[in-house]
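sequence plus the predicted model coming up.
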Amino acid sequence: MSRHERADATPDDSTGRLPDDAVADLLASERRRRIFAVLRGTDGPLAVTDLAQRIATLEATSDGERGAEVASADTLREEIYQNHLPKLTATDVVTYDSLVGTVELATEDDRLLDPATEDDRSLDPDGCE
(Lines give C-alpha, C1' and ligand atoms only; values in the text may rest on other atoms or scores of the structure.)
Protein backbone atom coordinates (compact mmCIF):
# COMPACT_ATOMS: atom_id res chain seq x y z
CA MET A 1 0.00 0.00 0.00
CA SER A 2 1.06 3.60 -0.49
CA ARG A 3 1.69 6.06 2.30
CA HIS A 4 -1.97 7.08 1.89
CA GLU A 5 -3.21 3.80 3.33
CA ARG A 6 -6.96 3.44 3.24
CA ALA A 7 -9.70 0.89 3.27
CA ASP A 8 -11.97 0.51 0.28
CA ALA A 9 -15.22 2.46 0.58
CA THR A 10 -18.34 0.81 -0.72
CA PRO A 11 -19.78 3.16 -3.33
CA ASP A 12 -23.53 3.64 -3.54
CA ASP A 13 -23.55 3.53 -7.35
CA SER A 14 -21.33 3.96 -10.38
CA THR A 15 -20.57 7.58 -9.38
CA GLY A 16 -18.46 6.36 -6.46
CA ARG A 17 -20.58 8.24 -3.94
CA LEU A 18 -20.82 6.86 -0.43
CA PRO A 19 -24.08 5.30 0.71
CA ASP A 20 -26.43 7.72 2.46
CA ASP A 21 -25.97 5.97 5.81
CA ALA A 22 -22.17 6.36 5.56
CA VAL A 23 -22.57 10.08 4.86
CA ALA A 24 -25.00 10.41 7.76
CA ASP A 25 -22.50 8.64 10.03
CA LEU A 26 -19.68 10.96 8.94
CA LEU A 27 -21.83 14.04 9.54
CA ALA A 28 -23.21 12.80 12.87
CA SER A 29 -20.18 14.16 14.71
CA GLU A 30 -20.04 17.90 15.25
CA ARG A 31 -16.24 17.73 15.22
CA ARG A 32 -16.22 15.93 11.86
CA ARG A 33 -18.54 18.58 10.46
CA ARG A 34 -16.01 21.16 11.64
CA ILE A 35 -13.18 19.17 10.08
CA PHE A 36 -15.03 19.30 6.75
CA ALA A 37 -15.66 23.02 7.18
CA VAL A 38 -11.99 23.75 7.77
CA LEU A 39 -10.76 21.49 4.97
CA ARG A 40 -13.25 23.01 2.52
CA GLY A 41 -11.63 26.37 3.19
CA THR A 42 -8.09 25.23 2.41
CA ASP A 43 -6.28 24.63 -0.84
CA GLY A 44 -4.12 21.57 -0.50
CA PRO A 45 -2.90 19.62 2.49
CA LEU A 46 -3.17 20.97 6.04
CA ALA A 47 -1.09 19.83 8.99
CA VAL A 48 -3.22 17.99 11.55
CA THR A 49 -1.80 20.32 14.21
CA ASP A 50 -3.06 23.34 12.23
CA LEU A 51 -6.42 21.64 11.66
CA ALA A 52 -6.78 21.08 15.41
CA GLN A 53 -5.85 24.70 16.13
CA ARG A 54 -8.42 26.01 13.65
CA ILE A 55 -11.13 23.80 15.14
CA ALA A 56 -10.18 24.94 18.65
CA THR A 57 -10.55 28.54 17.49
CA LEU A 58 -13.94 27.79 15.91
CA GLU A 59 -15.13 26.09 19.07
CA ALA A 60 -13.83 28.87 21.31
CA THR A 61 -15.87 31.32 19.26
CA SER A 62 -19.10 29.37 18.86
CA ASP A 63 -19.13 27.16 21.97
CA GLY A 64 -17.84 29.95 24.19
CA GLU A 65 -21.01 31.86 23.42
CA ARG A 66 -23.07 28.84 24.53
CA GLY A 67 -20.99 28.36 27.67
CA ALA A 68 -19.68 24.93 26.62
CA GLU A 69 -16.27 23.73 27.71
CA VAL A 70 -13.78 24.14 24.86
CA ALA A 71 -11.12 21.49 24.19
CA SER A 72 -7.49 22.49 23.77
CA ALA A 73 -5.80 22.18 20.39
CA ASP A 74 -3.63 19.34 21.77
CA THR A 75 -6.70 17.42 22.93
CA LEU A 76 -8.36 17.98 19.56
CA ARG A 77 -5.25 16.83 17.69
CA GLU A 78 -5.26 13.55 19.60
CA GLU A 79 -8.99 13.13 19.04
CA ILE A 80 -8.55 13.74 15.31
CA TYR A 81 -5.80 11.11 15.11
CA GLN A 82 -7.58 8.52 17.25
CA ASN A 83 -11.26 8.97 16.39
CA HIS A 84 -11.77 10.88 13.18
CA LEU A 85 -8.89 10.16 10.77
CA PRO A 86 -9.49 6.39 10.78
CA LYS A 87 -13.12 6.88 9.71
CA LEU A 88 -12.36 9.69 7.24
CA THR A 89 -9.52 7.82 5.52
CA ALA A 90 -11.40 4.50 5.47
CA THR A 91 -14.21 6.15 3.52
CA ASP A 92 -11.79 7.94 1.17
CA VAL A 93 -13.15 11.41 1.95
CA VAL A 94 -9.71 12.61 3.07
CA THR A 95 -6.16 11.57 2.41
CA TYR A 96 -3.64 11.49 5.22
CA ASP A 97 0.09 11.71 4.64
CA SER A 98 1.68 10.14 7.69
CA LEU A 99 5.20 11.17 6.64
CA VAL A 100 4.45 14.87 7.09
CA GLY A 101 1.27 14.69 9.19
CA THR A 102 -1.07 16.40 6.74
CA VAL A 103 -4.66 15.79 5.80
CA GLU A 104 -6.47 16.88 2.64
CA LEU A 105 -10.05 16.72 1.46
CA ALA A 106 -10.37 13.99 -1.20
CA THR A 107 -14.06 13.97 -2.04
CA GLU A 108 -16.30 15.91 -4.33
CA ASP A 109 -19.47 14.52 -2.75
CA ASP A 110 -21.72 17.56 -2.40
CA ARG A 111 -23.42 16.03 0.64
CA LEU A 112 -20.16 16.49 2.52
CA LEU A 113 -19.15 19.71 0.82
CA ASP A 114 -22.44 21.59 1.09
CA PRO A 115 -21.77 24.81 2.99
CA ALA A 116 -25.03 24.28 4.87
CA THR A 117 -23.22 21.61 6.92
CA GLU A 118 -20.85 24.31 8.15
CA ASP A 119 -23.58 25.68 10.40
CA ASP A 120 -23.77 23.00 13.08
CA ARG A 121 -27.16 24.26 14.24
CA SER A 122 -28.68 23.48 10.84
CA LEU A 123 -27.84 19.80 11.32
CA ASP A 124 -28.27 19.60 15.06
CA PRO A 125 -30.63 22.22 16.50
CA ASP A 126 -29.96 21.16 20.10
CA GLY A 127 -26.18 21.36 19.71
CA CYS A 128 -25.80 17.72 20.74
CA GLU A 129 -23.97 14.91 19.00
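Looks like it arrived, so ask away.

can you get me a residue count around residue 21?
Neighbour count of residue 21, defined by other CB atoms under 10 Å: 9. Quick note: C-beta positions are derived from backbone N, CA and C, even for glycine.

same question, residue 61
10.

isn't residue 51 up against residue 38?
Yes: taking contacts as CB atoms under 8 Å, residue 51 lies within contact range of residue 38: 5.8 Å.

okay, the two: which has more neighbours?
Ranked by neighbour count (other CB under 10 Å), residue 51 and residue 38 place residue 51 first, with 25 against 21.

quick check: buried residues in the helix or strand encompassing the more buried one?
Assigned by DSSP states H and E, residue 51 falls within helix 48-66. For helix 48-66, the neighbour count (16 or more other CB atoms under 10 Å) marks 48, 50, 51, 52, 53, 54, 55, 56, 58, 59, 62, 63 as buried.

what sits up against the helix or strand following that helix?
Moving toward the C-terminus from helix 48-66, the next helix or strand (DSSP H and E) is helix 73-79. Defining contact as CB atoms under 8 Å, 6 or more residues apart in numbering, one finds that helix 73-79 is touched by 31, 48, 49, 51, 52, 53, 55, 56, 71.

cool, and stretch 97-112?
3-5, 17-18, 23, 26-27, 36, 39-40, 42, 44-49, 51, 80, 85, 88, 92-96, 113.

now the end-to-end length of it.
Criterion CA to CA, to the nearest Å; first-to-last residue distance in stretch 97-112 is 21 Å.

quick check: mean pLDDT across it?
The pLDDT scores in stretch 97-112 average 94.

how about stretch 48-60?
Here the average pLDDT along stretch 48-60 is 93.

tell me which stretches of the chain form helices.
For the chain, applying DSSP state H gives helices covering 20-27, 30-40, 48-66, 73-79, 85-90, 110-113, 120-123.
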